[in-house]
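> Provided below for reference: sequence and predicted model.
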Amino acid sequence: MEDVNKEMEHRRRIMGIYKKTMQDFDSKEDYDMYLEAVEDIVYKLTSNTDVADVEQQVQDYIRQEAALAGVAAGPAGGAPAYVPQAVATQVLQPAPLHPVQQDAEGRLLPVQPGATMDRQKWQLMAKASGWTQELATQRMLHDAFTTIFVF
C-alpha cells in the first residue's frame with residue numbers, strides 16, 4: 001500500500017509539471033513518446049532509480065518550458081523580467097498583470113485612494129484568477145438547490 005501511495009505522489013507531482021496534450025504535438029507518435037518519457041520518469045522516481053538524474057531532468061524541463069512561455073524574458077521597455085518562483089509542488093506562479101508598487105525595503109505600498117479600474121482591467125483580473133460566467137452560474141445553482149434539501 002505504501003508503494004501505491006508513493007507512486008501516486010510522484011505521479012501527481014510529475015503530471016503537474018508535464019502538462020502537454022495531444023494538440024501540442026505534430027503526430028500521435030510524438031505524443032506517445034512524450035507520454036512514455038513521463039511514465040519512465042514516474043517509474044524511476046518510484047523505484048528509486050537514478051533519482052538525482054531524473055530530478056535534474058525535471059528541473060531542466062521546468063526551466064525550458066518557462067523560457068518557451070516567455071516568463072523570464074523582459075519586455076522591450078527594459079523593465080526587469082519576472083522570474084517565477086517554484087513552490088514545493090513545483091507549480092510556477094503566474095506573471096502579474098502590472099508592476100507592484102514597493103518601497104525601498106520591498107514592502108507593498110497602499111493602493112492610491114480614488115484610483116479606479118476600468119472594465120477591461122477587471123475582466124483581465126477575473127480571467128487571470130480563473131473566473132468564468134459558468135462558475136458564477138454553477139455556484140448560484142448549487143446554492144439554490146442545497147437550500148431546498150435542508151432537513
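Happy to help now that I have it.

> Where does pLDDT dip in this structure?
Filtered on pLDDT under 70, the chain yields the residue ranges 1, 69-100, 110-117, 149-151.

> and with 80 instead?
With pLDDT under 80 as the threshold, the chain has low-confidence stretches at 1-2, 66-133, 147-151.

> Following element in sequence after the helix or strand hosting D60, please.
Assigned by DSSP states H and E, D60 belongs to helix 51-69. Towards the C-terminus, the helix or strand next in line after helix 51-69, according to DSSP H and E, is helix 119-128.

> Restrict that next one to CA atoms and write it as CSV.
These are the backbone C-alpha positions of helix 119-128, laid out as CSV (Å, rounded to 0.1, in the frame of the first residue of the first chain):
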residue,chain,number,x,y,z
ARG,A,119,-13.9,47.3,-17.2
GLN,A,120,-11.0,45.8,-19.2
LYS,A,121,-8.7,45.6,-16.2
TRP,A,122,-11.5,44.0,-14.1
GLN,A,123,-12.0,41.4,-16.9
LEU,A,124,-8.3,40.7,-17.1
MET,A,125,-8.1,40.2,-13.3
ALA,A,126,-11.1,37.9,-13.4
LYS,A,127,-9.7,35.8,-16.3
ALA,A,128,-6.3,35.6,-14.6
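
> what helices or strands is that helix leaning on?
Taking 3 or more Cβ pairs under 8 Å, 6 or more residues apart in numbering; DSSP states H and E as contact, there are no helices or strands that helix 119-128 lies on. Using the backbone N, CA and C atoms, a C-beta is placed for each residue, glycine as well.

> next one: the helix or strand hosting E134 to chain centre, how far?
In the assignment (DSSP H and E), E134 maps to helix 133-148. Relative to its chain's centre, helix 133-148 lies at 27 Å (Cα atoms, centre = their mean, to the nearest Å).

> okay, the angle between it and helix 119-128?
70 degrees (axes from the mean of the first three to the mean of the last three Cα atoms, to 10 degrees).
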